[in-house]
Structure formats: structure tokens, C-alpha cells
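Engineer: Just a sequence and a predicted model for now, questions to come.
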Amino acid sequence: MKKIAVLFLATTFIGCNTDIYDGDTRIIVEGKLIYNNAPLQGVEVNVYPVYNQPTNGSITALYPSEININSKWISVSKTKTDASGTISFSIPRNEETNVYVIRITHNNDYRYFGYISNYNTNNYYVNLGTLNYSL
């Protein structure tokens, strides 16, 4: 009976392993959000796939009229900033498009930043830097 219990426990622990990040399916995005030179805390951050073709890797503020989305606004990732204004989330790869725009909502107002694309993705990681909400 002891041998069966030891065998059971051994196979249970062998089956336990940590999740391995599969960079082929997700892109990690990190950055910081400020408003009037202070961290912007607890704001909602959504990411949407778009059909724009960026010409470089810079992340800049966008007007809604600049964004080409050919379907309903369906967010592929949603998060909130922490106490230091930091955002960290992942977005899928291999969707209909591999270009994304970020929408930040604060006090019933919103701003768009973009574009996340192959121009600024390095080893499945994008550092947004510091985004200034007070444009």
C-alpha cells in the first residue's frame, strides 16, 4: 500500500510544472501612464485590433478618425493601471491583424495611442515607455 501511495505522489509531483510562456501566441506589453506629470492610477486600458498600416515603431497619441477598424470595437485585452501608473498586459498574435491600438479611459473621457505592430515588437515584447494622457 505504501508503494502505491508513493507512486501516486511521485506522479502527482512530476505532473506539476510551471507554465511556460509561449511567445508565439502572445505579445507582452508594458508601459507607464501619466497625467499632469503624476502617475495615472486605476484607469481602464483596452486594446483593439485595427487595420491601419503604421510606417514606424513610435507609439503616439491618435485621433479616433485616424483609426481604421472594420468591425465592432471588440477588445482583445483589458486591464487597469496600478498605483504607480504602470500597465502590463498581453495581446494575442496571429489574429486577423497584427496591428493594435490602445484606448485609455479616464473619467468618461478617452485617448487612443498606437500603434503596436511588428515595427516595435522585439522578441514578443513591447515597451510603450511613458504615455502622457494630458494631451
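Structural biologist: Sure, I can see it.

Engineer: For the longest strand anywhere in the chain, which outside residues touch it?
Structural biologist: Assignment by DSSP state E gives strand 26-35 as the longest strand of the chain. Strand 26-35 has contacts (Cβ atoms under 8 Å, 6 or more residues apart in numbering) with 39-40, 43, 45, 47, 59, 77, 81, 84-93, 104, 106, 116, 121, 124-134. Backbone N, C-alpha and C define where each C-beta goes, glycine included.

Engineer: Show the buried residues in those residues.
Structural biologist: 40, 43, 45, 47, 59, 77, 81, 85, 87, 89-91, 104, 106, 116, 121, 126, 128, 131-133 (16 or more other Cβ atoms under 10 Å).

Engineer: quick one on the thing from earlier: following element in sequence after the longest strand of the chain, please.
Structural biologist: Remark: after strand 26-35, the chain's next helix or strand is strand 38-39, criterion DSSP states H and E.

Engineer: circling back: narrow the contacts of strand 26-35 to those in helices?
Structural biologist: Residues of the contacts of strand 26-35 located in helices (DSSP state H): none.

Engineer: Out of those residues, which sit inside strands?
Structural biologist: Members of the contacts of strand 26-35 lying in strands (criterion: DSSP E): 39, 45, 47, 77, 86-92, 104, 106, 116, 125-132.
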